[in-house]
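>>> Provided below for reference: sequence and predicted model.
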Amino acid sequence: MFSISVNDATLSLGRAAQKRQVLKGVNLQVQRGSLHMLLGPNGCGKSTLLRVLGGLLQLDGGGVEADAPSGFVFQNPDHQVVMPTVAADVAFGLGRYRLREAQVAAAVERALTLVNMAEFTHRATHTLSGGQRQRPTRRRFLRALAEEPRVLLLDELTTFLDVEDQFGVLRAVRDVTRTGARGRGVTAVWVTHRFEELEYADAASYMEDGRIVFTGSPDQLRQRLRGMGATL
Ligand SMILES: Nc1ncnc2c1ncn2[C@@H]1O[C@H](COP(=O)(O)OP(=O)(O)OP(=O)(O)O)[C@@H](O)[C@H]1O
């Protein structure tokens with residue numbers, strides 16, 4: 001069944017003379033428990049659509065239905081607070097939920113287990129230096145995971161990663177969608193410019209000028225991209 005269903009979504013952004021229609025009738029359906037990639041040229045509306053899916057922007061027209069809660073990881077390289085242990089770091093975002101200590105510990109353990117990092121739970125964060133695990137993108141991803149979202153919205157996560165880490169994060173996301181969390185399917189929408197990441201996708205959509213112009217299997221999208229002149 002679908003975790004996300006977008007129907008004829010329209011949205012304009014900006015004020016007065018700057019106002020422009022960014023989403024021009026988007027239709028998208030994403031299978032529950034899948035890793036769905038979203039590609040398309042700069043400025044076509046991918047990030048805007050992701051914000052709509054996460055409930056951060058309201059549509060002008062059309063509709064969106066999505067499993068909740070969703071976890072959002074953006075591409076901005078902010079200066080994030082680093083907590084002293086891996087467990088405390090992953091638990092960072094849980095502070096606002098007023099959970100008991102045992103609930104926090106359980107959520108952290110589940111998140112770390114999902115990405116095969118349970119053994120690092122009690123390690124001092126700085127002792128991971130040199131490894132990939134303390135990098136901001138990974139930490140943001142783990143923090144989002146600890147909140148046990150049903151939908152993960154991931155916006156160009158790999159932009160700031162080297163190749164090894166790029167595929168590490170991608171594998172972790174794929175594993176999470178396959179395993180699910182607490183018996184519930186987790187769905188991931190992954191925005192990327194990198195065609196080579198398509199091999200990790202269950203399905204993919206291509207967006208152009210405010211519309212999804214194609215949805216299909218990664219192979220079908222590759223074929224279409226080749227037809228557009230891409231070498232891949
Ligand atoms: N708050 C805003 N006000 C006006 N225009 C905006 C606003 N936010 C985004 N836009 C415009 O909407 C269009 C779509 O932006 P969006 O960030 O969704 O594209 P994108 O496909 O994610 O691009 P990229 O691949 O470069 O990240 C762009 O032309 C952008 O300039």
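Yes, it's here.
>>> Next, work out how far apart the residue positioned nearest the centre of the chain and A124 are.
The centre of the chain sits closest to L154, judged by C-alpha atoms, centre = their mean, with a distance of 1.9 Å. Going from L154 to A124 by C-beta to C-beta, to the nearest Å gives 27 Å. All C-beta spots, glycine's among them, are computed from the backbone N, C-alpha and C.
>>> Same check on F195?
Counting by C-beta to C-beta, the gap from F195 to A124 is 38 Å.
>>> I'd like the distance between L56 and the ligand.
The spacing between L56 and the ligand, counted by C-beta to the nearest ligand atom, to the nearest Å, is 11 Å.
>>> quick one: that residue is in a helix?
No - L56 is assigned coil when assessed by DSSP: H, G, I helix; E, B strand; the rest coil, not a helix.
>>> The residue nearest to the centre of the chain and G71, how far apart?
9 Å.
>>> who touches A144 in this structure?
By C-beta atoms under 8 Å, 6 or more residues apart in numbering, the contact set of A144 is G71, F72, V73, G93, L152.
>>> repeat that for 10 Å
S70, G71, F72, V73, V90, G93, A111, L152, L153, L154 (C-beta atoms under 10 Å, 6 or more residues apart in numbering).
>>> ok, the residue lying closest to G210 once chain neighbours are set aside - contacts?
Spatial nearest neighbour of G210, excluding adjacent residues (C-beta to C-beta, 6 or more residues apart in numbering): K24 at 3.5 Å. Listed by C-beta under 10 Å, 6+ apart, the contact set of K24 reads D8, A9, T10, L11, S12, G45, E208, D209, G210, R211.
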